[in-house]
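**Q** got a predicted structure here, sequence first:
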Amino acid sequence: MNKLDEFIKKEMRRLNIPGVSLAIVNDEQIQYLKGYGISGANNNHMTPQTPIVIGSVSKSFTALAILQLVDRGIIRLEERVQTYLPWFRLADADSSKEITIKQLLNQTSGLSTYDGQLSILNGNKTLKEHIKGLKNIELEHEVGETFEYSNLNYDILGLVIEEVKNTPYKKYVTNNIFKPLNMKNSYANISDDKNKTIATGYQTIFGLKFPTEQLNHEGNIPSGYLISSAEDMANYMIALLNNGQFKEERVLSKGKIQELFRPTTVMWEDSYYAMGWSINQNVISHDGSTENTYTKVVLDGEYGISLVIKSLDYLNIDSYDNIMTGIINIIHHDELQTPNQNHIQSIS
(Lines give C-alpha, C1' and ligand atoms only; values in the text may rest on other atoms or scores of the structure.)
Protein backbone atom coordinates (compact mmCIF):
# COMPACT_ATOMS: atom_id res chain seq x y z
CA MET A 1 0.00 0.00 0.00
CA ASN A 2 2.99 2.32 -0.40
CA LYS A 3 1.43 3.81 -3.51
CA LEU A 4 -1.75 4.63 -1.60
CA ASP A 5 0.20 6.14 1.28
CA GLU A 6 2.21 8.34 -1.06
CA PHE A 7 -0.92 9.44 -2.90
CA ILE A 8 -2.72 10.57 0.27
CA LYS A 9 0.30 12.55 1.47
CA LYS A 10 0.71 14.16 -1.94
CA GLU A 11 -2.95 15.26 -2.06
CA MET A 12 -2.76 16.64 1.47
CA ARG A 13 0.20 18.79 0.47
CA ARG A 14 -1.42 19.87 -2.79
CA LEU A 15 -4.69 20.89 -1.15
CA ASN A 16 -3.21 22.06 2.16
CA ILE A 17 -5.34 19.56 4.12
CA PRO A 18 -4.37 19.32 7.81
CA GLY A 19 -5.77 15.87 8.63
CA VAL A 20 -7.17 12.74 6.95
CA SER A 21 -8.24 9.26 8.03
CA LEU A 22 -8.86 6.36 5.68
CA ALA A 23 -10.41 2.91 6.13
CA ILE A 24 -10.64 0.16 3.51
CA VAL A 25 -12.47 -3.12 4.17
CA ASN A 26 -12.75 -6.31 2.16
CA ASP A 27 -14.09 -9.79 2.94
CA GLU A 28 -15.31 -8.75 6.43
CA GLN A 29 -11.82 -7.56 7.36
CA ILE A 30 -10.13 -4.19 7.68
CA GLN A 31 -7.48 -4.10 4.95
CA TYR A 32 -6.17 -0.57 5.45
CA LEU A 33 -6.58 1.82 8.35
CA LYS A 34 -4.50 4.94 8.82
CA GLY A 35 -4.59 8.54 9.96
CA TYR A 36 -2.54 11.38 8.51
CA GLY A 37 -1.66 14.83 9.75
CA ILE A 38 -3.09 16.51 12.83
CA SER A 39 -6.49 16.30 14.53
CA GLY A 40 -6.64 19.86 15.82
CA ALA A 41 -4.94 23.11 16.53
CA ASN A 42 -3.05 21.33 19.35
CA ASN A 43 -1.12 19.31 16.73
CA ASN A 44 -2.24 15.93 18.11
CA HIS A 45 -1.97 13.19 15.51
CA MET A 46 -4.98 12.34 13.36
CA THR A 47 -5.59 8.64 13.99
CA PRO A 48 -8.16 6.13 12.70
CA GLN A 49 -9.88 6.52 16.07
CA THR A 50 -10.22 10.31 15.81
CA PRO A 51 -13.92 11.23 15.52
CA ILE A 52 -15.10 13.78 12.97
CA VAL A 53 -18.46 15.25 11.97
CA ILE A 54 -19.47 13.17 8.93
CA GLY A 55 -21.94 15.49 7.22
CA SER A 56 -24.58 13.96 4.98
CA VAL A 57 -23.20 10.45 5.42
CA SER A 58 -25.38 10.76 8.54
CA LYS A 59 -28.38 10.21 6.24
CA SER A 60 -27.33 6.61 5.69
CA PHE A 61 -27.53 5.98 9.45
CA THR A 62 -30.98 7.58 9.64
CA ALA A 63 -32.13 5.43 6.73
CA LEU A 64 -30.75 2.32 8.43
CA ALA A 65 -32.59 3.24 11.65
CA ILE A 66 -35.88 3.66 9.77
CA LEU A 67 -35.43 0.30 8.02
CA GLN A 68 -34.74 -1.33 11.40
CA LEU A 69 -38.10 -0.07 12.60
CA VAL A 70 -39.73 -1.30 9.38
CA ASP A 71 -38.13 -4.70 10.02
CA ARG A 72 -39.73 -4.73 13.47
CA GLY A 73 -43.17 -3.76 12.18
CA ILE A 74 -43.15 -0.37 13.94
CA ILE A 75 -43.04 1.75 10.76
CA ARG A 76 -44.46 1.13 7.28
CA LEU A 77 -42.67 2.69 4.32
CA GLU A 78 -45.87 3.52 2.41
CA GLU A 79 -47.49 5.11 5.47
CA ARG A 80 -47.94 8.86 5.54
CA VAL A 81 -45.76 10.97 7.82
CA GLN A 82 -48.86 12.26 9.60
CA THR A 83 -49.56 8.73 10.84
CA TYR A 84 -46.50 9.13 13.07
CA LEU A 85 -46.48 12.93 13.43
CA PRO A 86 -50.20 13.87 13.39
CA TRP A 87 -49.44 17.57 13.74
CA PHE A 88 -46.93 17.63 10.85
CA ARG A 89 -47.65 20.20 8.18
CA LEU A 90 -46.02 22.44 5.60
CA ALA A 91 -47.49 25.53 3.95
CA ASP A 92 -49.85 23.40 1.83
CA ALA A 93 -51.97 21.44 4.29
CA ASP A 94 -53.31 19.03 1.65
CA SER A 95 -49.87 18.15 0.31
CA SER A 96 -48.59 17.67 3.86
CA LYS A 97 -51.08 14.83 4.27
CA GLU A 98 -49.70 12.97 1.23
CA ILE A 99 -45.97 12.73 2.06
CA THR A 100 -44.89 9.19 2.96
CA ILE A 101 -41.92 7.76 4.83
CA LYS A 102 -40.60 6.21 1.62
CA GLN A 103 -40.75 9.53 -0.22
CA LEU A 104 -38.65 11.13 2.51
CA LEU A 105 -36.10 8.32 2.22
CA ASN A 106 -36.00 8.57 -1.58
CA GLN A 107 -35.87 12.40 -1.59
CA THR A 108 -39.13 12.69 -3.55
CA SER A 109 -41.26 14.55 -1.00
CA GLY A 110 -41.16 17.78 -3.00
CA LEU A 111 -39.08 19.67 -0.43
CA SER A 112 -36.29 21.76 -1.94
CA THR A 113 -32.51 21.65 -1.68
CA TYR A 114 -32.55 25.37 -0.86
CA ASP A 115 -34.86 25.01 2.15
CA GLY A 116 -32.82 22.04 3.32
CA GLN A 117 -29.65 24.13 3.26
CA LEU A 118 -31.34 27.11 4.86
CA SER A 119 -32.54 24.92 7.72
CA ILE A 120 -28.93 24.44 8.85
CA LEU A 121 -28.93 28.07 9.99
CA ASN A 122 -31.68 27.18 12.47
CA GLY A 123 -30.01 24.01 13.72
CA ASN A 124 -29.73 25.23 17.30
CA LYS A 125 -33.37 24.24 17.90
CA THR A 126 -34.41 20.82 19.15
CA LEU A 127 -35.40 18.38 16.43
CA LYS A 128 -39.09 18.72 17.29
CA GLU A 129 -38.93 22.53 17.35
CA HIS A 130 -37.12 22.43 14.00
CA ILE A 131 -39.79 20.28 12.30
CA LYS A 132 -42.68 22.17 13.89
CA GLY A 133 -41.14 25.30 12.37
CA LEU A 134 -41.71 24.06 8.80
CA LYS A 135 -45.35 25.14 8.62
CA ASN A 136 -44.54 27.96 6.19
CA ILE A 137 -42.28 25.93 3.89
CA GLU A 138 -43.55 25.63 0.32
CA LEU A 139 -42.96 22.47 -1.70
CA GLU A 140 -40.78 22.83 -4.81
CA HIS A 141 -42.55 19.96 -6.60
CA GLU A 142 -45.70 17.91 -6.33
CA VAL A 143 -45.40 15.17 -3.72
CA GLY A 144 -43.73 12.10 -5.26
CA GLU A 145 -43.17 13.82 -8.61
CA THR A 146 -39.38 13.97 -8.83
CA PHE A 147 -36.07 13.77 -6.97
CA GLU A 148 -34.74 16.80 -5.16
CA TYR A 149 -32.12 16.38 -2.46
CA SER A 150 -33.15 18.07 0.79
CA ASN A 151 -31.76 17.81 4.29
CA LEU A 152 -35.29 18.39 5.59
CA ASN A 153 -36.39 14.93 4.45
CA TYR A 154 -33.96 13.25 6.81
CA ASP A 155 -34.53 15.65 9.69
CA ILE A 156 -38.23 14.72 9.53
CA LEU A 157 -37.29 11.03 9.52
CA GLY A 158 -35.17 11.61 12.61
CA LEU A 159 -38.18 12.98 14.44
CA VAL A 160 -40.34 10.05 13.28
CA ILE A 161 -37.80 7.75 14.96
CA GLU A 162 -38.04 9.80 18.16
CA GLU A 163 -41.84 9.74 18.21
CA VAL A 164 -42.44 6.07 17.45
CA LYS A 165 -39.79 4.92 19.94
CA ASN A 166 -40.49 7.65 22.50
CA THR A 167 -36.75 8.12 22.83
CA PRO A 168 -34.31 10.74 21.51
CA TYR A 169 -32.94 10.11 18.02
CA LYS A 170 -29.43 10.34 19.46
CA LYS A 171 -30.11 7.60 22.00
CA TYR A 172 -31.75 5.34 19.43
CA VAL A 173 -28.82 5.52 16.99
CA THR A 174 -26.31 4.97 19.79
CA ASN A 175 -28.08 1.90 21.19
CA ASN A 176 -29.17 0.31 17.92
CA ILE A 177 -26.31 1.08 15.54
CA PHE A 178 -23.19 2.39 17.25
CA LYS A 179 -23.12 -0.11 20.12
CA PRO A 180 -23.94 -3.29 18.13
CA LEU A 181 -21.27 -2.35 15.58
CA ASN A 182 -18.69 -1.60 18.29
CA MET A 183 -18.38 1.98 17.07
CA LYS A 184 -16.61 3.23 20.19
CA ASN A 185 -15.71 6.67 18.87
CA SER A 186 -19.04 7.55 17.29
CA TYR A 187 -21.48 10.02 18.78
CA ALA A 188 -24.81 11.64 18.07
CA ASN A 189 -24.02 14.45 20.46
CA ILE A 190 -20.74 16.33 20.83
CA SER A 191 -21.21 16.34 24.60
CA ASP A 192 -20.87 12.52 24.61
CA ASP A 193 -17.21 12.91 23.66
CA LYS A 194 -16.06 13.06 27.28
CA ASN A 195 -12.36 12.97 26.38
CA LYS A 196 -12.73 15.77 23.80
CA THR A 197 -11.17 13.78 20.97
CA ILE A 198 -13.33 15.09 18.12
CA ALA A 199 -11.17 16.58 15.37
CA THR A 200 -11.20 20.34 14.91
CA GLY A 201 -12.50 21.22 11.47
CA TYR A 202 -10.74 23.74 9.25
CA GLN A 203 -12.38 26.21 6.89
CA THR A 204 -10.65 27.69 3.86
CA ILE A 205 -10.54 31.47 3.74
CA PHE A 206 -8.67 33.14 0.86
CA GLY A 207 -6.85 29.86 0.25
CA LEU A 208 -5.69 29.46 3.85
CA LYS A 209 -6.95 26.90 6.38
CA PHE A 210 -8.23 28.12 9.74
CA PRO A 211 -9.53 26.02 12.65
CA THR A 212 -13.18 26.76 13.40
CA GLU A 213 -15.73 25.44 15.89
CA GLN A 214 -18.89 23.66 14.77
CA LEU A 215 -22.07 25.58 15.50
CA ASN A 216 -24.92 23.94 17.42
CA HIS A 217 -26.84 21.76 14.94
CA GLU A 218 -29.03 19.75 17.28
CA GLY A 219 -31.99 19.99 14.89
CA ASN A 220 -29.95 18.76 11.89
CA ILE A 221 -28.20 15.73 13.38
CA PRO A 222 -30.25 13.12 11.42
CA SER A 223 -29.37 14.75 8.09
CA GLY A 224 -25.79 15.86 8.60
CA TYR A 225 -24.19 16.02 12.02
CA LEU A 226 -23.46 12.56 13.35
CA ILE A 227 -19.86 11.98 14.44
CA SER A 228 -17.69 8.95 13.65
CA SER A 229 -14.12 7.80 13.00
CA ALA A 230 -12.45 5.90 10.17
CA GLU A 231 -12.11 2.78 12.34
CA ASP A 232 -15.79 2.88 13.33
CA MET A 233 -16.85 3.47 9.73
CA ALA A 234 -14.91 0.32 8.82
CA ASN A 235 -17.21 -1.71 11.11
CA TYR A 236 -20.23 0.02 9.59
CA MET A 237 -19.10 -0.82 6.05
CA ILE A 238 -18.43 -4.45 6.96
CA ALA A 239 -22.01 -4.78 8.22
CA LEU A 240 -23.43 -3.17 5.06
CA LEU A 241 -21.35 -5.36 2.74
CA ASN A 242 -22.23 -8.45 4.77
CA ASN A 243 -26.02 -8.10 4.43
CA GLY A 244 -26.46 -6.38 7.79
CA GLN A 245 -24.24 -8.69 9.84
CA PHE A 246 -21.18 -7.63 11.86
CA LYS A 247 -19.53 -10.50 13.73
CA GLU A 248 -22.30 -11.84 16.01
CA GLU A 249 -24.50 -8.78 15.64
CA ARG A 250 -27.18 -8.22 13.02
CA VAL A 251 -28.33 -4.62 12.56
CA LEU A 252 -30.68 -5.23 9.63
CA SER A 253 -32.16 -8.19 7.74
CA LYS A 254 -30.76 -9.13 4.35
CA GLY A 255 -34.02 -8.22 2.64
CA LYS A 256 -34.07 -4.74 4.13
CA ILE A 257 -30.39 -4.19 3.24
CA GLN A 258 -31.33 -4.89 -0.37
CA GLU A 259 -34.20 -2.42 -0.08
CA LEU A 260 -31.88 0.17 1.44
CA PHE A 261 -29.67 0.01 -1.67
CA ARG A 262 -32.40 -0.37 -4.31
CA PRO A 263 -32.11 2.39 -6.97
CA THR A 264 -35.43 4.22 -6.92
CA THR A 265 -35.34 7.71 -8.35
CA VAL A 266 -33.14 9.24 -11.07
CA MET A 267 -30.74 11.89 -9.81
CA TRP A 268 -28.78 12.60 -13.01
CA GLU A 269 -27.54 10.53 -15.97
CA ASP A 270 -26.84 7.01 -14.63
CA SER A 271 -27.12 7.97 -10.95
CA TYR A 272 -30.06 6.98 -8.78
CA TYR A 273 -31.00 7.68 -5.19
CA ALA A 274 -31.92 4.78 -2.96
CA MET A 275 -32.39 5.31 0.81
CA GLY A 276 -29.59 7.46 2.17
CA TRP A 277 -27.30 6.27 -0.64
CA SER A 278 -26.69 7.06 -4.31
CA ILE A 279 -26.19 4.28 -6.85
CA ASN A 280 -24.09 4.66 -9.98
CA GLN A 281 -23.43 1.54 -12.07
CA ASN A 282 -23.52 -0.73 -9.00
CA VAL A 283 -21.24 1.57 -7.01
CA ILE A 284 -22.96 2.67 -3.79
CA SER A 285 -21.81 5.93 -2.25
CA HIS A 286 -22.62 9.02 -0.26
CA ASP A 287 -20.57 12.05 0.64
CA GLY A 288 -21.02 14.69 3.25
CA SER A 289 -19.72 18.18 3.89
CA THR A 290 -20.20 20.55 6.80
CA GLU A 291 -18.78 24.01 7.42
CA ASN A 292 -15.35 22.50 8.02
CA THR A 293 -15.29 18.74 7.31
CA TYR A 294 -15.67 16.37 4.36
CA THR A 295 -16.50 12.66 4.31
CA LYS A 296 -17.12 10.10 1.61
CA VAL A 297 -18.08 6.44 1.80
CA VAL A 298 -17.99 4.13 -1.23
CA LEU A 299 -19.11 0.50 -1.39
CA ASP A 300 -17.48 -0.70 -4.61
CA GLY A 301 -18.11 -4.38 -5.18
CA GLU A 302 -16.34 -6.30 -2.42
CA TYR A 303 -14.56 -3.17 -1.15
CA GLY A 304 -15.74 -0.55 1.31
CA ILE A 305 -13.82 2.73 1.49
CA SER A 306 -14.33 5.53 4.00
CA LEU A 307 -12.44 8.80 3.71
CA VAL A 308 -12.75 11.52 6.37
CA ILE A 309 -11.11 14.92 5.98
CA LYS A 310 -11.01 17.53 8.71
CA SER A 311 -11.30 20.52 6.43
CA LEU A 312 -13.41 21.86 3.59
CA ASP A 313 -12.84 24.20 0.68
CA TYR A 314 -16.19 25.04 -0.94
CA LEU A 315 -14.44 26.48 -3.99
CA ASN A 316 -12.36 23.34 -4.48
CA ILE A 317 -14.68 20.55 -3.32
CA ASP A 318 -14.25 18.50 -6.52
CA SER A 319 -10.58 18.08 -5.62
CA TYR A 320 -11.63 16.54 -2.31
CA ASP A 321 -13.92 14.16 -4.17
CA ASN A 322 -11.10 13.24 -6.52
CA ILE A 323 -9.01 11.94 -3.63
CA MET A 324 -11.53 9.09 -3.44
CA THR A 325 -11.20 8.68 -7.21
CA GLY A 326 -7.46 8.13 -6.82
CA ILE A 327 -7.94 5.68 -3.94
CA ILE A 328 -10.40 3.61 -5.97
CA ASN A 329 -8.05 3.54 -8.94
CA ILE A 330 -5.15 2.38 -6.77
CA ILE A 331 -7.28 -0.36 -5.23
CA HIS A 332 -8.24 -1.58 -8.69
CA HIS A 333 -4.61 -1.29 -9.89
CA ASP A 334 -5.43 1.50 -12.31
CA GLU A 335 -3.36 4.52 -13.06
CA LEU A 336 -4.14 7.61 -10.99
CA GLN A 337 -6.35 10.05 -12.84
CA THR A 338 -5.48 13.69 -13.13
CA PRO A 339 -7.02 15.97 -10.48
CA ASN A 340 -9.82 17.31 -12.69
CA GLN A 341 -11.37 13.91 -13.49
CA ASN A 342 -14.38 12.66 -11.54
CA HIS A 343 -15.27 9.05 -10.67
CA ILE A 344 -18.47 9.46 -8.70
CA GLN A 345 -20.35 12.72 -8.65
CA SER A 346 -20.73 14.53 -5.34
CA ILE A 347 -24.28 14.79 -3.96
CA SER A 348 -23.95 16.89 -0.81
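**A** Received, thanks. Remember, predicted model here, so these are calculated numbers, not experimental data.

**Q** flag the shaky bits of the stretch 101-250 of the chain, pLDDT-wise.
**A** For the stretch 101-250 of the chain, applying pLDDT under 70 flags no range at all.

**Q** the helices in it, which residues?
**A** 101-106, 113-118, 127-132, 151-165, 169-173, 221-224, 230-241 (DSSP state H, counting those that start in this stretch).

**Q** any chance of these in a markdown table, plus distance to residue 190 and mean neighbour count?
**A** All C-beta atoms are positioned from the backbone trio N, CA, C, and that covers glycine. As requested, the helices of the stretch 101-250 of the chain are exported to a markdown table (distance: least, C-beta to C-beta, whole Å; neighbours: other C-beta atoms under 10 Å):
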| stretch | distance to residue 190 | mean neighbour count |
| --- | --- | --- |
| helix 101-106 | 26 | 23 |
| helix 113-118 | 21 | 15 |
| helix 127-132 | 15 | 19 |
| helix 151-165 | 16 | 24 |
| helix 169-173 | 10 | 21 |
| helix 221-224 | 10 | 28 |
| helix 230-241 | 16 | 25 |
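
**Q** so residue 75 makes contact with residue 160?
**A** Yes - using C-beta atoms under 8 Å, residue 75 is in contact with residue 160, at 7.1 Å.

**Q** what is in contact with those two at once?
**A** 66, 84, 101 (C-beta atoms under 8 Å, 6 or more residues apart in numbering).

**Q** what pLDDT does the residue lying closest to the last one once chain neighbours are set aside get?
**A** Take residue 101 and drop its neighbours on the chain: the residue closest to it by C-beta to C-beta, 6 or more residues apart in numbering is residue 77, 5.3 Å away. The score at residue 77 is 98. That number is its pLDDT.

**Q** show me the contacts for residue 77.
**A** Residue 77 sits next to 70, 100, 101, 102, 105 when contact means C-beta under 8 Å, 6+ apart.

**Q** what does residue 123 give?
**A** Residue 123 is in contact with 130, 215, 216, 217, 218, 219, 220, 225, counting by C-beta under 8 Å, 6+ apart.

**Q** ok, now residue 18?
**A** For residue 18, the contact set (C-beta under 8 Å, 6+ apart) comprises 12, 37, 38, 46, 202, 209, 310, 311.

**Q** what residues are bridge-paired with the third one?
**A** I take that to be residue 38. Using DSSP bridges, the beta-bridge partners of residue 38 come out as residue 45.

**Q** centroid-nearest residue for this protein?
**A** residue 57 (0.7 Å; C-alpha atoms, centre = their mean).

**Q** I'd guess that residue is in a strand, am I close?
**A** No - secondary structure assignment (DSSP: H, G, I helix; E, B strand; the rest coil) places residue 57 in helix, not in a strand.

**Q** who's in contact with it?
**A** Residue 57 makes contact with 226, 228, 286, 287, 288, 295, 296, 297, according to C-beta under 8 Å, 6+ apart.

**Q** how would you label the third one: helix, strand or coil?
**A** Looking back up the chat, that one is residue 286. Assigned by three-state DSSP, the conformation of residue 286 is strand.

**Q** quick one: it and residue 297 touch, right?
**A** Yes - at 5.8 Å, residue 286 and residue 297 qualify as touching, with contact defined as C-beta under 8 Å.

**Q** common neighbours of these two, please.
**A** In contact with both residue 286 and residue 297: 57, 60, using C-beta under 8 Å, 6+ apart.

**Q** now residue 294. Nearest residue, chain neighbours left out?
**A** Spatial nearest neighbour of residue 294, excluding adjacent residues (C-beta to C-beta, 6+ apart): residue 309 at 4.3 Å.

**Q** can you give me the neighbour number for the one you found?
**A** Number of residues near residue 309 (other C-beta atoms under 10 Å) recorded here: 30.

**Q** that one and residue 129: what is the separation?
**A** Per C-beta to C-beta, to the nearest Å, residue 309 is found 31 Å from residue 129.

**Q** kindly report the same for residue 307.
**A** Taking C-beta to C-beta, one finds residue 307 at 34 Å from residue 129.

**Q** do residue 79 as well
**A** 24 Å.

**Q** again, but for residue 310
**A** 30 Å.

**Q** quick one on the thing from earlier: make CSV out of the shared contacts of residue 75 and residue 160 and add distance to residue 141.
**A** As requested, the shared contacts of residue 75 and residue 160 are exported to CSV (distance: C-beta to C-beta, whole Å):
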residue, distance to residue 141
66, 22
84, 22
101, 18
